[in-house]
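Q: what follows is a predicted protein model with its sequence.
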Amino acid sequence: MIGELVAGYIGQKIDESDGEGGTLGALAGVATWKVAKTVVPAAIVIGTFALGARYLSRRWKARAA
């Protein structure tokens with residue numbers, strides 16, 4: 001909830017910088033926050049699996065050699 005408020009405030013300030021209203025920027029900020037809360041943890045998990053697979057692959061190749 002607090003994250004949405006902060007994202008909305010930041011989006012509003014960015015949108016107001018052109019001299020017009022900031023409502024669209026506030027909505028974009030909140031939408032970006034909601035997407036980021038889902039995508040960033042998923043990217044971390046996928047990256048961890050990829051790194052682990054790479055590590056194991058190199059380790060198995062080193063043992064075979």
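A: Noted; the coordinates are in hand.
Q: show the contacting residues for residue 32.
A: Residues in contact with residue 32 (Cβ atoms under 8 Å, 6 or more residues apart in numbering) are 7, 11. For every residue, glycine as well, the C-beta is placed using N, CA and C.
Q: what strand or helix carries it?
A: helix 23-64 (DSSP states H and E).
Q: what about that helix, average pLDDT?
A: Across helix 23-64, pLDDT averages out at 89.
Q: chain center to it: distance?
A: Centroid separation between helix 23-64 and its chain, computed with Cα atoms, centre = their mean, to the nearest Å, is 9 Å.
Q: repeat for stretch 21-29
A: Per Cα atoms, centre = their mean, the centroid offset for stretch 21-29 relative to its chain is 19 Å.
Q: dump the C-alpha coordinates for that stretch into CSV.
A: Only the C-alpha atoms of stretch 21-29 are listed here, as CSV (Å, rounded to 0.1, in the frame of the first residue of the first chain):
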residue,chain,number,x,y,z
GLY,A,21,-1.6,17.5,-15.0
GLY,A,22,-0.1,14.5,-13.2
THR,A,23,-2.9,12.1,-13.0
LEU,A,24,-1.8,9.9,-15.9
GLY,A,25,1.7,9.8,-14.4
ALA,A,26,0.4,8.7,-11.1
LEU,A,27,-1.6,5.9,-12.7
ALA,A,28,1.5,4.8,-14.7
GLY,A,29,3.6,4.8,-11.6
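Q: what about stretch 16-28, how long is it end to end?
A: 13 Å (Cα to Cα, to the nearest Å).
Q: buried residues, that stretch. List them.
A: 22, 25-26, 28 (16 or more other Cβ atoms under 10 Å).
Q: closest to residue 4 out of the residues you listed?
A: residue 26 (9.8 Å; Cβ to Cβ).
Q: I figured that closest one hits residue 12, correct?
A: Yes: using Cβ atoms under 8 Å, residue 26 is in contact with residue 12, at 4.1 Å.
Q: list the contacts of the nearest residue to residue 15 once chain neighbours are set aside.
A: Take residue 15 and drop its neighbours on the chain: the residue closest to it by Cβ to Cβ, 6 or more residues apart in numbering is residue 25, 2.4 Å away. Residues near residue 25 by Cβ under 8 Å, 6+ apart: 11-16.
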